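Participant: the sequence and its predicted three-dimensional model are supplied below.
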Amino acid sequence: MGFPVAEPSAPPTNGGAVGEFSTGLCDCLSDIPLCCLTCWCPCITFGRIAEIVDKGSSSCGVSGALYSLIMVVAGCQWIYSCSYRSKMKKQYGIPENCCADCCTHFWCESCALCQEYRELEHCGYDVSLGWHGNMERQNQGRVVPPPMPGGMTR
């Protein structure tokens with residue numbers, strides 16, 4: 001049976017002070033597979049983050065594809081990903097600093113994406129499952145009885 005997943009609108013349960021990420025920006029090497037994925041295919045990491053932050057209203061594939069398109073055409077995908085950092089910070093009660101967030105994504109895009117991914121994992125999400133997969137996992141222990149037929153009729 002899976003463990004409960006925190007709702008994204010709830011403050012983070014990072015054990016530290018509310019208003020901080022649970023890991024540092026440069027803690028990328030604490031999760032080598034995530035670091036490699038983000039360095040070689042940042043669109044996948046971003047798409048997964050966007051799906052969770054948007055509570056399933058956007059899919060990983062669409063967000064990742066849009067990220068890739070912006071990266072190839074304009075080279076300013078960091079603006080798109082920075083907007084999701086702001087959304088995530090707002091949802092988790094982390095103080096926003098627009099200028100610092102933009103600089104973080106401009107200069108350290110991979111590190112910023114890894115930090116956001118780790119934060120969602122720290123809050124109880126299996127980010128690779130996406131929003132709907134996490135909701136199914138959360139509801140897995142609940143049993144819904146089958147509907148009962150109505151009374152006898154002639």
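Facilitator: In hand now; what should we look at? This one's a predicted model, so the numbers in the text were calculated from it and none came from an experiment. Numbering: from 1, shown residues only.

Participant: quick one: pLDDT of N139?
Facilitator: Listed pLDDT for N139 reads 84.

Participant: mind listing what it touches?
Facilitator: By C-beta atoms under 8 Å, 6 or more residues apart in numbering, no residues touch N139. No exception for glycine: its C-beta is placed from N, CA and C like everyone else's.

Participant: distance of it relative to L129?
Facilitator: Separation of N139 from L129 (C-beta to C-beta, to the nearest Å) stands at 13 Å.

Participant: one more: L29?
Facilitator: Distance from L29 to L129, by C-beta to C-beta: 24 Å.

Participant: who's more crowded, these two?
Facilitator: L129 (17 against 9; other C-beta atoms under 10 Å).

Participant: how near is the closest residue to that one other than its chain neighbours to P95?
Facilitator: Leaving aside its sequence neighbours, L129 sits nearest to R137 (C-beta to C-beta, 6 or more residues apart in numbering; 6.6 Å). Taking C-beta to C-beta as the measure, R137 falls 30 Å from P95.

Participant: so for those two, which residue has more residues nearby?
Facilitator: More crowded of R137 and P95, by other C-beta under 10 Å: R137, with 18 against 10.

Participant: looking at it, the residue nearest to L129 is touching Y125, isn't it?
Facilitator: No: R137 lies out of contact with Y125 (C-beta atoms under 8 Å); the separation is 9.3 Å.

Participant: where does K89 land in three-state SS?
Facilitator: Under DSSP: H, G, I helix; E, B strand; the rest coil, K89 falls in the helix class.

Participant: the closest residue to it other than its chain neighbours: how many residues sit nearby?
Facilitator: Spatial nearest neighbour of K89, chain neighbours left out: E96 (5.0 Å); criterion: C-beta to C-beta, 6+ apart. E96 has 13 neighbours, counted by other C-beta under 10 Å.

Participant: now E119
Facilitator: 23.

Participant: touching, it and Q91? I think so.
Facilitator: No: contact criterion C-beta under 8 Å: E119 and Q91 do not qualify, at 10.5 Å.

Participant: fine, thanks again, bye for now.
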